[in-house]
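Novice: need coordinates for the following:
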Amino acid sequence: MQKSVRYNEGHALFLSAVARKEGTKRGYLSKKAAENSRWHEKFFALYQNILFYFENEQSARPAGIYLLEGCTCERAPAPKMSTTGKEALEKQHYFLIVFGHDGQKPLELRTEEESECDEWVEAIQQASYSDIIIEREVLMQKYIHLVQIVETEKVAANQLRTQLEDQDTEIERLKAEIIALNKTKERMRPYHVNHENEDPDIKKIKKVQSFMRGWLCRRKWKIIVQDYICSPHAESMRKRNQIVFNMVEAETEYVHQLYILVNCFLRPLRMAASSKKPPISHDDVSSIFLNSETIMFLHEIFHQGLKARIANWPTLVLADLFDILLPMLNIYQEFVRNHQYSLQVLANCKQNRDFDKLLKQYESNAACEGRMLETFLTYPMFQIPRYIITLHELLAHTPHEHVERKSLEFAKSKLEELSRLMHDEVSDTENIRKNLAIERMIVEGCDILLDTSQTFVRQGSLIQLPSVERGKLSKVRLGSLSLKKEGERQCFLFTKHFLVCTRSSGGKLHLLKQGGVLSLIDCTLIEEPDASDEESKVGGQVFGQLDFKLVVEPSDSPSFTVVLLAPSRQEKAAWTSDISQCIDNIRCNGLMTSVFEENSKVTVPHMIKSDVRLHKDDVDICFSKTLNSCKVPQIRYASVERLLERLTDLRFLSIDFLNTFLHTYRIFTTATVVMDKLADIYKKPFSSIPIRSLELFFATNQNNRGGEHINDKSPRLCRKFSSPPPLSIPSRTSSPVRTRKLSLHSPITSQAVLESVSLEKIIPESPQSSEAGDMSPCRSPSTPRHLRYRQPGGKTVCNSRCSVSPASAFAIATAAAGHGTPPVFTNSERTCDKEFIIRRAATNRVLNVLRHWVSKHSQDFEMNGELKMSVICLLEEVLRDPDLLPQERKATANILSALSQDEQEDAQLRIEDILQMADCPKAECFESLSAMELAEQITLLDHIVFRSIPYEEFLGQGWMKVDKTERTPYIMKTSQHFNDMSNLVASQIMTHTDVGSRASSIEKWVAVADICRCLNNYNGVLEITSALNRSAIYRLKKTWAKVSKQTKALMDKLQKTVSSEGRFKNLRETLKNCNPPCVPYLGMYLTDLAFIEEGTPNFTEEGLVNFSKMRMISHIIREIRQFQQTPYRIEHQAKVTQYLLDKTLIMDEDTLYDLSLKIEPRLPA
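Specialist: This next block holds a predicted model:
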């Protein structure tokens, strides 16, 4: 029998060596001896859960081993000693190791440093595995507890099983007894004694018992019902039922709209098309209405099914109805796909007077409620999104275990898939409706607005200055024009044309007989007067540099100049930036037509569209089927890097993309990143611009060049090189030919010769070109004058084969060469150098972006000084470029001037200026002010507050956050101003004590609201109508009885205009047909932005920017800014604004209601 444990000394020595080299903790500690309580210094080493100690650090064999598993380690107090040794003890720190097994004394150790003591305690505590042991004990306890529960459940189950068997036996026994009793009762029935004469007291007792049982049963049932009514499940079901009821109401309204479309328009027009003198053909009727009749029949069936389900309430099962509806909703794809063409056909048919008269007769039907045919044709466009929203709300209140949950989710996914397919074909609809609305406002009509590629850019009021002999303008005449507003014009800018209209007293628009429709391809924009032009200097001093010119040079009529005056510098910058961008787009497309004419016979947009590399989906970019203003597919999702790449892409100049990017870039990147990208493009174009963007510049048709005869005298042309060949230098004997503008409708043939003023000036015998160059005024960088295309047929000594290649023409023209002074080149070959061409194109692109950014988004630089300085530094670096073309130098100087100039005093009033007027007259009373004065000043104040909102506040739903006052102070001020004006109206009415005065005040305020409507101040209309609808005023029945019927009818009309029904559908329709200046209701736009923000994420699951969402946000912001930038020409009247801004006249809601109760107390019940 073994008496001792065998000890493997070799293994212990190996572990001690490892501990001394790689131990968790090593160092000298003082160990207390067990025999004489003396302290001995030893070298300790901790390895895993074993503690070794040696006589010293050089010892090979350990003096002792401790197994730490299961031990505890903690700090120990110093032992008590005499006062002489107290100071020495204070420098020592003790800790104690207590082992978990019996028979082992605790190990006492000490160190001189407190931190070292704590480290040893922590290391030993971890090596003891105490946490694992405790966790194991806890798990064992839980396991034992669960085993006990299982055993208990087994015993309980056996007991229940036994009880059930006993109950079954008892039931069988009771059934047998019942059968036996029934048999006995049947036998005893003949001998049964009639007990009708039962004791009356017994009957009463039984009656009371029956009543009590019924009462207790009803009371218990009532408690159960009340508990369920208050439960979350019942609340969710009530909301779900309400959503279904609202859905049925909306479906009823939609079916009614389709019924009006079919019965009031489609079927009557079909009959008219079958008449002897048809105003419209059957084909046009089919094109306009498409499959709307089929859609009506489909939704009538769906509506009947919904009503049948409502009849079976409270059981609302809808999933099977959607299962039936989903396969048939594909007919909406055909409707949406052809909706744009439908509106175009309708616009063409309206050119027929008979049809237009007949259509207006149909639209005057009472069932149409003043809505036009276009409105009814647009209703089906929004039905699929409405179903998606309804199903989303239904699923939010449908439990996960609900029987319809999976079916509703499937229906929602299918509708979203269908909506995505339709979304790509809907985006152009809003632009077409805008164009059609403008076309209908113009009395003479305008055929160019019927072009589906014509995209609306901006509109506003400008003053047209008269052009007199030699361009001289009379100051007196101009002063009278400004006063009488004779020169005021309503201007509309589209991607291809510029419309100039006058407004008649009835509000109709009339195109100018000369210069009413300007084709931008024939226009040259002159923003700033030339420094050498004395007349321009005088004009600039008179107008404060607010005027700009459009030099129109049509090919079939004499040239003329249109001089326009903007109301402010900001307005001028916005107009000139957009006009310049449109001209850039048209001429870039025209130049690209010549570039690719050798390679392709199709037009430039189709050529770009056919290049799959431009719109092919990739991991970091995804395109939609909708085309932008450059006829390139719009970006749906993209990474930040690809968006920055598209911003600086040399192939495209899209206003849509540029506006969207500059409005929303702060959502997904920073201004510093954008600025760094522009700087890289300018400084290192070859390394920063992707290869796919550069390939376009040097794409040539080798097949066409292969058969050409190369001039042997030109060694440069004989070489194989990637750069375009040099420009041709026309001979001095060349016959002068008339230059013409590049037109998309008459593309340049392959024999067209690029004529450059800069190269002609090299030849001294060409005085005509040099004079033209010297006299030409300074123009926009988008309109290079030294690049002209010459008609074939002019006599030239130079071989036509030596003319510039189309690729060179595009590259140099894209670089926006100068107008007046020719570019200084070291030699003619440098013009065709590949690097030089790319640098010029990159510089032009950077300047275009910066010009647009500085002119239309100046707030970015006012609030960010670092960004402003970085732009200034970049522009100064551009100016130092020795190869900079003159017009690039002029454009850079203009941007730098606009950015560096000090803040000028704004001639427009601010709300702070009105509030701080010290010497203003005393505010007058309400009765002394006319309705016209009140309406005009309310409109002026509303517009001042509205235009002060910076567009940055519309991003990120800051007005709904906790810190909304800090994030969106101007939106909060606008909301507060709306509430103050509404409170003022209510307070003024309630100050009158007699009924007649209150009724007169109501009538006057309604008149003020109607004048606000005429002034396009729909915010003011809502301020007044909301005040009149307050409970404190609305309940005054005696007062309203005194109000005239005409006033009540007018108020109903105003309320209908600004009603929030259908997401402000009436107000939206009104705003689309009105011309600025205008003050819309801001809450409508905030609702739209909140809907977009909440319903669509900023980034996809792959981390791509949702640029479709950015485009929707930018569209709303552009509409808001359009109304902000057009001021009212209303003279400020201090006496009226003092009254309107007097806070002492305003009562709070509780005071108003208390005063209302005093005026007309509640009637007794």
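Novice: only C-alpha atoms for contact and neighbour calcs from this point on.
Specialist: Noted.
Novice: residue 460 is in contact with residue 1127, isn't it?
Specialist: No: counting by CA atoms under 8 Å, residue 460 does not reach residue 1127; the two are 9.5 Å apart.
Novice: mutual contacts of these two, please.
Specialist: Each of residue 1077 lies in contact with both residue 460 and residue 1127 under the rule CA atoms under 8 Å, 6 or more residues apart in numbering.
Novice: what's the average pLDDT for stretch 129-143?
Specialist: What stretch 129-143 shows for mean pLDDT is 86.
Novice: need the pLDDT of residue 239.
Specialist: For residue 239, pLDDT reads 83.
Novice: mind naming the longest helix for the protein?
Specialist: helix 130-188 (DSSP state H).
Novice: from the chain's centroid, how far away is that one?
Specialist: 64 Å (CA atoms, centre = their mean, to the nearest Å).
Novice: spit out the contact partners of residue 497.
Specialist: Here residue 497 is in contact with 517-520 (CA under 8 Å, 6+ apart).
Novice: pick the one among those residues closest to residue 1114.
Specialist: Of all those, residue 1114 sits closest to residue 520, with 25.0 Å by CA to CA.
Novice: count the neighbours of that closest one for me.
Specialist: Counted with other CA atoms under 10 Å, residues neighbouring residue 520 total 27.
Novice: right, and it touches residue 494 too?
Specialist: No: Residue 520 is not in contact with residue 494 according to CA under 8 Å; the separation is 9.1 Å.
Novice: need the residues touching each of those two.
Specialist: residue 582.
Novice: tell me the secondary structure of residue 460, please.
Specialist: When classified by DSSP: H, G, I helix; E, B strand; the rest coil, residue 460 comes out as strand.
Novice: residues in contact with it?
Specialist: Residue 460 touches 490-492, 1075-1077, 1126, counting by CA under 8 Å, 6+ apart.
Novice: neighbour-wise, which of the contacts of residue 497 leads?
Specialist: residue 520 (27 neighbours).
Novice: that one: what's it in contact with?
Specialist: Contacts of residue 520 (CA under 8 Å, 6+ apart): 496-498, 582-583, 586.
Novice: burial measure for residue 947, as a count.
Specialist: 21.
Novice: how near is it to residue 974?
Specialist: Going from residue 947 to residue 974 by CA to CA, to the nearest Å gives 10 Å.
Novice: do residue 572 as well
Specialist: Taken as CA to CA, the span from residue 572 to residue 974 is 26 Å.
Novice: how about the helices in the stretch 1051-1165 of the chain?
Specialist: For the stretch 1051-1165 of the chain, the helices defined by DSSP state H, counting those that start in this stretch cover 1061-1072, 1082-1095, 1107-1125, 1134-1140, 1149-1159.
Novice: number of nearby residues for the closest residue to residue 559 other than its chain neighbours?
Specialist: Among residues not flanking residue 559 along the chain, residue 553 sits closest, at 4.4 Å (CA to CA, 6 or more residues apart in numbering). Residue 553 is flanked by 20 other residues according to other CA under 10 Å.
Novice: my guess is residue 553 contacts residue 525. True?
Specialist: No: if you go by CA under 8 Å, residue 553 and residue 525 don't touch, sitting 11.4 Å apart.
Novice: which elements pack onto the helix or strand containing residue 13?
Specialist: For residue 13, the host element (DSSP states H and E) is helix 9-22. If you count contacts as 3 or more CA pairs under 8 Å, 6 or more residues apart in numbering; DSSP states H and E, helix 9-22 packs onto strand 39-47.
Novice: name the next helix or strand downstream of the strand it packs on, please.
Specialist: In N-to-C order, the element after strand 39-47 by DSSP H and E is strand 50-54.
Novice: what does that next one contact?
Specialist: Here strand 50-54 makes contact (CA under 8 Å, 6+ apart) with 16, 19, 42-46, 61-68, 127.
Novice: where do the domain boundaries of the chain fall?
Specialist: Domain assignment of the chain by the TED database yields the ranges 9-78+91-128, 242-429, 442-466+486-527+546-597, 606-699+835-900, 922-1159.
Novice: could I get the average pLDDT for the third one?
Specialist: Along domain 442-466+486-527+546-597, the predicted confidence averages to a pLDDT of 81.
Novice: now find how far off-centre it is within its chain.
Specialist: Distance, centroid of domain 442-466+486-527+546-597 to centroid of chain: 29 Å (CA atoms, centre = their mean).
Novice: need the pLDDT of the closest residue to residue 1003 other than its chain neighbours.
Specialist: Spatially, and ignoring its direct neighbours in sequence, residue 1003 is nearest to residue 1047 (6.1 Å; CA to CA, 6+ apart). Looking at residue 1047, its pLDDT reads 90.
Novice: how close does residue 1047 sit to residue 999?
Specialist: Taken as CA to CA, the span from residue 1047 to residue 999 is 10 Å.
Novice: circling back: any of the contacts of strand 50-54 buried? List them.
Specialist: Buried subset of these (neighbour count, 16 or more other CA atoms under 10 Å): 16, 19, 42-46, 61-62, 65, 68, 127.
Novice: quick check: residue 287 touching residue 344?
Specialist: No: Residue 287 lies out of contact with residue 344 (CA under 8 Å); the separation is 9.6 Å.
Novice: neighbour count for these two, which is higher?
Specialist: The neighbour count for residue 287 versus residue 344, taken as other CA under 10 Å, is higher for residue 344 (21 against 18).
Novice: OK, contacts around residue 1100?
Specialist: By CA under 8 Å, 6+ apart, the neighbours of residue 1100 are 637, 1106.
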